[in-house]
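Enquirer: Task: produce atomic coordinates for the following.
(chains A and B)
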Amino acid sequence: EAGVAQSPRYKIIEKRQSVAFWCNPISGHATLYWYQQILGQGPKLLIQFQNNGVVDDSQLPKDRFSAERLKGVDSTLKIQPAKLEDSAVYLCASSSSGTDTQYFGPGTRLTVL
Amino acid sequence: EDKVVQSPLSLVVHEGDTVTLNCSYEVTNFRSLLWYKQEKKAPTFLFMLTSSGIEKKSGRLSSILDKKELSSILNITATQTGDSAIYLCAVAGNYGQNFVFGPGTRLSVLP
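Expert: Model (predicted):
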């Protein structure tokens, strides 16, 4: 079974630029999560999708962050414009319906200069 | 506000030692508690606990949930250098619509 795929693995941008991350969950997993993990901290949930609907986006900084999962499979997370404090690893995870067990992708390490 | 606290935040032991990692939580409408191991980037799943007092085991690792005390422990016996990692505790609240991770315990196992 293929795992959660993410790209790119690394990204370096300057502040005020835009960036987008892509995630392909495990086949058949209805729930998809985006997390932000700042160095030395645990992952913080940014947004949770159930199929193509948003379940929880209460911690997503909506003035600069956006995410979509148009067809209920792949998802894209965008930051526009980026700030220095957005430097972190962005993790995507997925789970099948009826379970809380999440499987994580390798993450994207974002550095904002 | 929902939160998860882990202790200790950092731990250094020698191979063969037994360690106990702690997780306590405050969350609305608790549904499950999960333990993950994070070595490089992606956390990998260890256990999911939903019922109090039922121990889950996988090799040298075991975990148990105490819903009365709002806490869980993760035990690792006969530690090996390959156990060196960050151990994350997460809680699913609000009927699975709210996931909160703790800060993690960084375990270092010396040869």
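
Enquirer: In this structure A:K71 contacts A:N52, no?
Expert: Yes - with contacts counted by C-beta atoms under 8 Å, A:K71 reaches A:N52, the gap being 6.6 Å. (Each C-beta comes from the backbone N, C-alpha and C, glycine too.)

Enquirer: Out of those two, name the residue with the larger neighbour count.
Expert: A:N52 (14 against 9; other C-beta atoms under 10 Å in any protein chain shown).

Enquirer: secondary structure class for the residue lying closest to the more buried one once chain neighbours are set aside?
Expert: Ranked by C-beta to C-beta, 6 or more residues apart in numbering or on different chains and with sequence neighbours excluded, the top spatial neighbour of A:N52 is A:G72, at 4.1 Å. For A:G72, the assignment made with DSSP: H, G, I helix; E, B strand; the rest coil gives coil.

Enquirer: same deal with A:E85?
Expert: Per three-state DSSP, A:E85 ends up helix.

Enquirer: Need the per-residue pLDDT for the nearest residue to B:V4 once chain neighbours are set aside.
Expert: Distance criterion C-beta to C-beta, 6+ apart; nearest residue to B:V4, sequence neighbours excluded, is B:G102 at 3.7 Å. On pLDDT, B:G102 comes in at 96.

Enquirer: Repeat that for A:N24.
Expert: pLDDT at A:N24 comes out at 96.

Enquirer: Tell me which residue of chain A lies closest to chain B.
Expert: A:G42 (3.6 Å; C-beta to the nearest C-beta).

Enquirer: Please report how far the residue lying closest to that residue once chain neighbours are set aside lies from B:K67.
Expert: Distance criterion C-beta to C-beta, 6+ apart; nearest residue to A:G42, sequence neighbours excluded, is B:F101 at 3.6 Å. Distance, B:F101 to B:K67, using C-beta to C-beta, to the nearest Å: 19 Å.
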